[in-house]
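S.K.: Can you look at this prediction? I've put the sequence above it.
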Amino acid sequence: MNHVLDRPIWSALKTTHAALAEGNSYARRYPPSIVPFAASADDSPESLDALEKLPSAEEKMFLVEAGPIAIPAGLTVVMEAPVTQMVAERPHERISDSRIEPLTEADAADMLDLASLTRPGPFTLRAQSLGSFWGIRHEGRLVAMAGQRMRQTGFIELSGLCTHPEFQGRGLGTLLFRFVAGEIASSGDTAYLHVYAGNTSAISLYKAQGFTLRSEMNMRVIKRRA
């Protein structure tokens with residue numbers, strides 16, 4: 001593997017998000033209060049040993065890589081799934097809409113409630129530590145949001161896209177998708193995202209919005225053996 005996005009978690013924790021990293025030069029993780037992502041530097045015994053030492057007894061860690069994911073003997077896989085990684089084919093135009101507002105720490109509880117309802121992926125009260133988020137409210141209730149998650153040199157992940165079930169079908173998700181993609185492009189970076197490979201409707205939507213397949217990825221969720 002030699003593309004920065006082949007090991008996106010490791011690449012982020014080694015560069016742009018290095019200040020958030022826990023671990024050492026062999027294996028690193030984000031603080032679990034922010035996002036349960038971790039990665040080893042490679043598949044060497046030293047790296048796998050360091051990865052094994054990262055989680056506490058009850059913690060789960062998500063690993064995402066383009067190739068097969070090696071797991072140390074002291075950890076076990078509790079869930080795995082194929083993931084599709086997509087990147088923007090071109091810089092998206094920056095757009096504006098009066099309904100879209102930046103989200104702050106004051107919105108964290110509402111953001112977590114929406115994410116818990118719609119399940120866009122791992123989400124915590126401290127998700128904003130990774131990047132900016134924006135949302136749309138209706139009569140004070142947060143009904144749609146999207147933002148930025150992992151960052152590598154030249155790339156920013158578009159993530160957390162979700163719409164309350166009562167407000168789906170109104171174009172709010174597409175609007176926020178275009179907005180965040182435009183914000184990423186305006187910073188000079190390329191937007192990318194991850195989606196479960198079986199979510200064909202989402203993949204079709206992202207293709208229609210100018211994203212293309214970069215790589216099929218593997219995801220494993222691991223924890224300590226009992």
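M.R.: Structure received.

S.K.: Confirm Phe62 sits in a strand?
M.R.: Yes: assignment of Phe62 by DSSP: H, G, I helix; E, B strand; the rest coil places it within a strand.

S.K.: Count the residues that sit near it.
M.R.: 19 (other C-beta atoms under 10 Å). Heads up, the C-betas are built off the backbone N, CA and C, glycines and all.

S.K.: Report the contact partners of Ile136.
M.R.: Arg99, Ile100, Glu101, Leu142, Val143, Ala144, Met145, Leu172, Leu175, Leu176 (C-beta atoms under 8 Å, 6 or more residues apart in numbering).

S.K.: can you check Asp113 too?
M.R.: Leu142.

S.K.: circling back to that earlier point, ok, so of the contacts of Ile136, who is nearest Met61?
M.R.: The closest of these to Met61 turns out to be Met145 (C-beta to C-beta; 24.7 Å).

S.K.: Surely that closest one is in contact with Ile100?
M.R.: No: at 9.6 Å, Met145 does not count as touching Ile100 under the criterion of C-beta atoms under 8 Å.

S.K.: the more surrounded of those two?
M.R.: Met145 (31 against 20).

S.K.: correct me, but Ser11 touches Ala18?
M.R.: No: judged on C-beta under 8 Å, Ser11 makes no contact with Ala18 at a distance of 10.5 Å.

S.K.: Give the next helix or strand downstream of the helix or strand of the chain with the lowest mean pLDDT.
M.R.: When each helix and strand of the chain is scored by mean pLDDT, DSSP states H and E, helix 200-208 comes last, with a mean of 94. Sequence order places strand 211-224 as the next helix or strand after helix 200-208, per DSSP states H and E.

S.K.: Okay then, goodbye and thanks.
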